[in-house]
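J.: Take a look and give me a structure for this.
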Amino acid sequence: MNIVVCIKQVPDSTHIRVHPVTNTIMRQGVPAVINPYDLFAIEAALQIRDTHGGKVTVITMGPPPAAVALRKALAYGCDEAVLITDKIFSGADTLATSYVLASAIATLGKEQPVDLVFTGKQTIDGDTAQVGPGIAKRLNLELLTYVSKIVAVNREAGKIQVERRAEGGVQLLETRLPALITMLEGTNEIRFGSAPDMFRAARAEIRTWDRESAGIEDLKKVGLKGSPTVVSRVFGPTPRAEKAQQIAFDPAAPQAATDALLEKVLAEIPKVGKELERHKVEAGAGANHE
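T.: Have a look, this model is predicted:
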């Protein structure tokens with residue numbers, strides 16, 4: 001099977017800072033890592049390759065330093081890597097990014113038809129979850145989002161079964177290939193890279209594509225020109241000054257602790273008390289009416 005995994009190099013969330021004037025994320029001097037959600041996509045792709053054969057190609061769009069993330073993916077066991085980099089791609093939003101990645105995947109498909117495309121459910125710097133679906137739409141792929149488990153792959157029938165986490169439960173879905181899958185977190189555990197893979201990753205020649213190599217046909221759809229999204233403000237949550245309050249709990253008298261908690265909540269948040277009184281009045285009126 002020919003599998004492509006889209007990853008992104010993102011700033012480590014524990015070191016993210018926001019520029020006070022431009023309200024944009026400051027990436028200079030911040031350690032970069034593979035988007036954590038993409039690790040689950042990599043492992044899912046590797047497991048399918050290990051079972052059914054084929055190869056896993058990992059791709060990313062970014063500046064030249066993003067090659068570090070690709071080498072890390074190769075160290076995990078991916079077979080090939082492609083870095084899509086060009087100054088014209090800078091400033092891309094999810095719409096422009098999905099266009100570039102879809103064009104690159106289509107270009108790879110000319111070498112060998114692509115059976116599966118994997119992405120993480122979202123990235124920790126954008127949190128939009130839009131790039132995966134955008135790629136699927138542009139390439140006319142079957143789309144399976146928030147997948148929690150790959151149940152079965154039938155190469156002969158060209159079908160795949162997955163479990164998808166949804167509100168209220170889990171869905172068992174089957175669709176035809178080729179398809180794009182966005183993987184949920186916690187669905188597997190990324191393997192440790194073997195010594196041979198680590199040495200291979202260090203020596204590997206990463207294919208580097210510019211706009212022409214990636215098959216970009218319309219330059220108006222990439223970079224800032226192809227990005228209609230406008231970010232008005234980016235900010236971190238304001239730290240709370242209040243400290244947690246403790247209420248003594250006596251196992252022998254649980255009702256007393258419940259009453260004390262309710263009394264404190266009503267005292268701290270008068271609105272809750274007013275709502276409770278309103279519901280009592282409405283409930284009483286309804287009982288009288290009956």
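J.: Output the below-cut-off pLDDT ranges for the stretch 51-200 of the chain.
T.: Nowhere does the stretch 51-200 of the chain drop to pLDDT under 70.
J.: got the residue ranges for the helices in it?
T.: 67-76, 94-111, 131-139, 195-203 (DSSP state H, counting those that start in this stretch).
J.: Next, format these as CSV and append mean neighbour count and distance to Arg278.
T.: The way it works is simple: take the backbone N, C-alpha and C, and place the C-beta from them, glycine included. As requested, these are exported to CSV (neighbours: other C-beta atoms under 10 Å; distance: least, C-beta to C-beta, whole Å):
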stretch, mean neighbour count, distance to Arg278
helix 67-76, 21, 55
helix 94-111, 20, 44
helix 131-139, 21, 43
helix 195-203, 13, 64
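J.: Indicate which one of those is closest to Gly120.
T.: helix 131-139 (8.0 Å; C-beta to C-beta).
J.: Quick one: list the elements packing against that closest one.
T.: strand 2-6, helix 94-111, strand 116-120, strand 142-154, strand 179-183 (3 or more C-beta pairs under 8 Å, 6 or more residues apart in numbering; DSSP states H and E).
J.: ok, now which ones touch the closest residue to Leu139 other than its chain neighbours?
T.: Nearest non-adjacent residue to Leu139, counting by C-beta to C-beta, 6 or more residues apart in numbering: Ala102, 5.2 Å away. Neighbour list for Ala102: 134-135, 138-139 [criterion: C-beta atoms under 8 Å, 6 or more residues apart in numbering].
J.: try it again with 6 Å
T.: Contact analysis of Ala102 by C-beta atoms under 6 Å, 6 or more residues apart in numbering lists 135, 138-139.
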